[in-house]
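**Q** what's the 3D shape of this:
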Amino acid sequence: MGRFHAHPDGTWHTHEHEHGEHEQGDHGHEARDVGDHTGYETGRERVAVLETILAENDRTAERNRADFASAGVTTVNLMSSPGAGKTTLLKRTITTLGETLRIGVLEGDIATSLDADQLEGLGAPVSLVNTSAGFGGECHLDATMVRSGLTRLPLDELDLLVIENVGNLVCPAEFDVGQHVRAMVFSVTEGEEKPLKYPVMFHAVDVVVVNKIDLLPHLDFDVEALQANIRAVNPTARTIHLSATTGDGVDEWCDWLIETQKAH
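**A** The predicted model follows:
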């Protein structure tokens, strides 16, 4: 069927096009084959199917949200590209806030329990969801996958649930999983242009955690350019600079989590 995503204006875009000469349709979001209207109709059918899939996802997300509300737990959808430092930050978070908030983790990964294993024994219950196990090896968590993992968590005993999404800079932002807020971890090793190249992710989040600042002396990285690019895509997103490895700046992230939990 091909990849797809929702634009900030609510329109849909598919990444798989028909062969032949192409021309953009309204708003540039739907491609058609100039010489063959079959491609145009097929594109419409794809969008209709995708809208149905997303509508079902949103219904399940609302069920998740209702369960979170009933349990009194605040949920953060934590996203990033692979290797940005989500798991390392989660380890710091659990050990820092363990006596302040009752934290649980729903760990999403395509395969293996490597990240979930790192979180074991820190005092937070962890539920692992492998998308390769019955979900087609998807590069993101959707609401149904999250719901499958909730049965293994004591929601009534938690204040904060962190959903560590699959490492990917595009797909996870497209799916509502029932979270209250979205956060992303961004490593300074990724380059300051990424908000412009991957606007869907940066536009979707409430906070951008700029990680690995301990590496800045060794990199040709323009912090001010990154800030400007984030503002261009998402003027309201909060930015937190930290190093999950050294702990520098982690208190600001933890304060944000406490504020978020109190607000919800």
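**Q** going forward, measure contacts and count neighbours with C-alpha atoms only.
**A** Fine.
**Q** surely L155 meets V73?
**A** Yes: between L155 and V73 there is a contact at 6.8 Å, judged by CA atoms under 8 Å.
**Q** Spell out which residues are contacts of both of these two.
**A** With contacts taken as CA atoms under 8 Å, 6 or more residues apart in numbering, not a single residue reaches both L155 and V73.
**Q** Name the residues of stretch 58-66 that come out as buried.
**A** Neighbour-count burial for stretch 58-66 flags D58, R59, T60, A61, E62, R63, N64, R65 (criterion: 16 or more other CA atoms under 10 Å).
**Q** Can you tell me which of those end up in helices?
**A** D58, R59, T60, A61, E62, R63, N64, R65 (DSSP state H).
**Q** For C254, what is the enclosing helix or strand?
**A** helix 250-263 (DSSP states H and E).
**Q** mind listing what's buried in that helix?
**A** Neighbour-count burial for helix 250-263 [16+ other CA under 10 Å]: V250, D251, W253, C254, L257, I258, T260, Q261.
**Q** Next, format those residues as CSV and append distance to I240 and pLDDT.
**A** As requested, the buried residues of helix 250-263 are exported to CSV (distance: CA to CA, whole Å; pLDDT from 0 to 100):
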residue, distance to I240, pLDDT
V250, 9, 98
D251, 10, 98
W253, 7, 98
C254, 10, 98
L257, 12, 98
I258, 14, 98
T260, 14, 98
Q261, 17, 98
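**Q** I'd like those as JSON lines, with distance to D220 appended.
**A** Formatted as JSON lines, those follow (distance: CA to CA, whole Å):
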{"residue": "V250", "distance to D220": "23"}
{"residue": "D251", "distance to D220": "26"}
{"residue": "W253", "distance to D220": "25"}
{"residue": "C254", "distance to D220": "28"}
{"residue": "L257", "distance to D220": "31"}
{"residue": "I258", "distance to D220": "34"}
{"residue": "T260", "distance to D220": "34"}
{"residue": "Q261", "distance to D220": "36"}
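**Q** I figured G149 was touching L128, is that so?
**A** Yes: at 6.7 Å, G149 counts as touching L128 under the criterion of CA under 8 Å.
**Q** who's more crowded, these two?
**A** The neighbour comparison of G149 against L128 (other CA atoms under 10 Å) goes to L128, with 22 against 18.
**Q** Spatially nearest residue to T246, not counting backbone neighbours?
**A** D214 (7.5 Å; CA to CA, 6 or more residues apart in numbering).
**Q** Please apply the same query to L101.
**A** L101 sits nearest to D159 (CA to CA, 6+ apart), 5.9 Å away.
**Q** Who are the contact partners of that neighbour?
**A** G72, V73, T74, L101, R102, I103, Q261.
**Q** Going by distance to E51, which of these wins?
**A** T74 (27.7 Å; CA to CA).
**Q** nearest residue to that closest one other than its sequence neighbours?
**A** Here the residue nearest T74, using CA to CA, 6+ apart, is L160, at 4.8 Å.
**Q** How about the contacts made by the one you found?
**A** V73, T74, T75, V76, L101, R102, I103, G104, Q261 are the contacts of L160 under CA under 8 Å, 6+ apart.
**Q** Perfect, that will be all.
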